[in-house]
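A.B. asks: no sequence for this one, just the structure:
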Ligand code: C2E
Ligand code: MG
Ligand code: MG
């Protein structure tokens, strides 16, 4: 009898252990939701069922927007509590028969079975967004988050699990690119766009190897004297089939594929080669600004050191090349970004804030990083009229920058009236089609050589 009890306990313990193991293998420890493995199983089952019953099924991929920022600022513990609460809210938005899974990190997925119509999917997607838009109260702190959702249908968009997941992923990126906090359906247009981006990314790799890239230079003029003060280098690509491409056609692809790092190195070295010549032949203080991608500021240390070393080897001082960055880079509070910015400042490479006024950068940031130039975005300059709001904004930006000992460059100056108003407001420099479009190095040189 005693023996039988012992065996019984043994079996129960083993069963429990097995159950615990199965749970660990199939469920996410933090939220208790099905994990990636169980999710795959469930999608397979849902496909079979949908096929048998002839009712469509939808797959949603959800990626939280800027979850990393929350984790970085509030800490991982709070991040975990938030994920748990999100899991709870998501589960409330769907039916018992549907599956909500956590695929990892801040990525969730939902399987919607036995769909009668597409309207119900739309309703669920909308309610997911609304539910997550409500603030989360975490340890007495109000936290806001949003989500980007990609949706695909079986059998309409694909019949295989891998293809369905890829579709949902593409749709989710489409939602991110359209501004986040929204859902997007997989469509052939998205697929086409993704395909042509992949081709462009490949071509860009060749472009770097085949010398298809070129820098054009746009003069930046000192308003008081009318003299060319410096130049901004703007990249152009002579594509073998598509002809000349502007940066807006390929920078996003370069960023997405990481090719931007190699491209920026090329830009930097080419600008350094050019500024050395122009310093020798025209003005020994001449400066060229290059556009720095946000990604450069996220990769740690060695990169900028290799740039500094390159300048040193060429016998150029650090102020010969300036770097333009968007407001977003400064708004990112991470250490890596700050350290990179500080190292530029320490070595003496001038930093400009590009397209200023489009974000909501705080003044303390400008001071902290010792910014040298503010470039007023052309959306303000383009609407400059006597007594307009834009005039007030520009006046305020110039006054504020000057208080912080920062010089101001107005971008996109296209008319004499704009130029006159900017001069009257005390703006230091101007750049725009009125003064000159971006020019090839030879044409720019001709401009430099022209007697004033
Ligand atoms: P950005 O740095 O703000 O450069 C100014 C853009 O405005 C340039 O467009 C220039 O051609 C255009 N522009 C200048 N004056 C006027 C004007 O009076 N009116 C109008 N409508 N436009 C004017 P572009 O060359 O197409 O460059 C677009 C953006 O691409 C740049 O904006 C910059 O953010 C990015 N970019 C350019 N070259 C590079 C590069 O080498 N690396 C990286 N990462 N980004 C680059
Ligand atoms: Mg720029
Ligand atoms: Mg700009």
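C.D. replies: Good, I have the coordinates. Model, not experiment: these values are computed from the prediction. Ligands and ions are numbered 1, 2, ... in the order given.

A.B. asks: Name the SS class of the residue in the stretch 101-250 of the chain positioned nearest to ligand 3, please.
C.D. replies: Closest approach between the stretch 101-250 of the chain and ligand 3, counting by C-beta to the ion: residue 232, at 8.2 Å. In short, each C-beta sits where N, CA and C put it, glycine included. With DSSP: H, G, I helix; E, B strand; the rest coil as the basis, the three-state label of residue 232 is strand.

A.B. asks: Looks like it contacts residue 287 (just checking).
C.D. replies: No: the criterion here is C-beta atoms under 8 Å, and residue 232 misses it with residue 287 at 9.9 Å.

A.B. asks: quick one, which of the two is more surrounded?
C.D. replies: residue 232 (25 against 21; other C-beta atoms under 10 Å).

A.B. asks: Which residues does that one form beta bridges with?
C.D. replies: With DSSP bridges as the criterion, residue 232 is bridged to residue 218, residue 289.

A.B. asks: Could you check how far it is from ligand 2?
C.D. replies: According to C-beta to the ion, to the nearest Å, residue 232 and ligand 2 sit 6 Å apart.

A.B. asks: can you tell me which residues contact that residue?
C.D. replies: 217, 218, 220, 288, 289, 290, 291, 324, 431, 438 (C-beta atoms under 8 Å, 6 or more residues apart in numbering).

A.B. asks: change it to 10 Å
C.D. replies: 215-220, 271, 287-291, 322, 324, 352, 354, 375, 409, 411, 431, 438 (C-beta atoms under 10 Å, 6 or more residues apart in numbering).

A.B. asks: what pLDDT does residue 304 get?
C.D. replies: pLDDT for residue 304: 82.

A.B. asks: Quickly list what's touching both of residue 232 and residue 287.
C.D. replies: Overlap of the contact sets of residue 232 and residue 287 (by C-beta under 10 Å, 6+ apart) consists of 220, 271, 322.

A.B. asks: Of the residues you listed, grab the buried ones for PyMOL.
C.D. replies: Of the shared contacts of residue 232 and residue 287, the buried ones go into a single PyMOL selection, burial set by 16 or more other C-beta atoms under 10 Å:
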select buried, resi 220+271+322
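
A.B. asks: Okay, and which of the shared contacts of residue 232 and residue 287 map to helices?
C.D. replies: Within the shared contacts of residue 232 and residue 287, residues falling in helices by DSSP state H are residue 271.

A.B. asks: could I get the shared contacts of residue 232 and residue 287 as a markdown table with distance to ligand 2 and pLDDT?
C.D. replies: A markdown table is the format used below for those (distance: C-beta to the ion, whole Å; pLDDT from 0 to 100):
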| residue | distance to ligand 2 | pLDDT |
| --- | --- | --- |
| 220 | 10 | 98 |
| 271 | 12 | 98 |
| 322 | 10 | 97 |
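
A.B. asks: of all the shared contacts of residue 232 and residue 287, which comes closest to ligand 1?
C.D. replies: Checking the shared contacts of residue 232 and residue 287 against ligand 1 by C-beta to the nearest ligand atom gives residue 271 as the nearest, at 8.7 Å.

A.B. asks: Distance-wise, check the closest one relative to ligand 3.
C.D. replies: With distances taken as C-beta to the ion, residue 271 is found 16 Å from ligand 3.

A.B. asks: show me what contacts that residue?
C.D. replies: With contact taken as C-beta under 10 Å, 6+ apart, residue 271 is in contact with 215, 217, 231, 232, 233, 287, 288, 289, 290, 320, 321, 322.

A.B. asks: By neighbour count, which of those residues wins?
C.D. replies: That'd be residue 231 among the contacts of residue 271, by other C-beta under 10 Å, with 29 neighbours.

A.B. asks: Please list all residues in contact with it.
C.D. replies: Contact partners of residue 231, counting by C-beta under 10 Å, 6+ apart, are 215-220, 271, 274-275, 278, 286-289, 322, 431, 436, 438-439, 441, 444, 447-448.

A.B. asks: Strands - which of those land there?
C.D. replies: In this view, the contacts of residue 231 that belong to strands under DSSP state E are 215, 216, 217, 218, 219, 220, 288, 289, 322.

A.B. asks: residues in contact with the first one?
C.D. replies: Same thing as residue 215. For residue 215, the contacting residues are 231-236, 266-267, 270-271, 273-274, 288, 290, 438, 440-441, 444, by C-beta under 10 Å, 6+ apart.

A.B. asks: go with 6 Å
C.D. replies: Contact partners of residue 215, counting by C-beta atoms under 6 Å, 6 or more residues apart in numbering, are 233, 270.

A.B. asks: That one and residue 45, how far apart?
C.D. replies: Residue 215 sits 56 Å away from residue 45, going by C-beta to C-beta, to the nearest Å.

A.B. asks: Report the mean confidence score over stretch 128-135.
C.D. replies: Average pLDDT, stretch 128-135: 94.

A.B. asks: and what of stretch 69-85?
C.D. replies: Stretch 69-85 shows a mean pLDDT of 91.

A.B. asks: try stretch 426-445
C.D. replies: Averaged across stretch 426-445, pLDDT comes to 97.

A.B. asks: Which stretches in the stretch 51-200 of the chain count as helices?
C.D. replies: Remark: helices assigned in the stretch 51-200 of the chain by DSSP state H, counting those that start in this stretch are 67-74, 76-93, 118-133, 161-177, 188-209.
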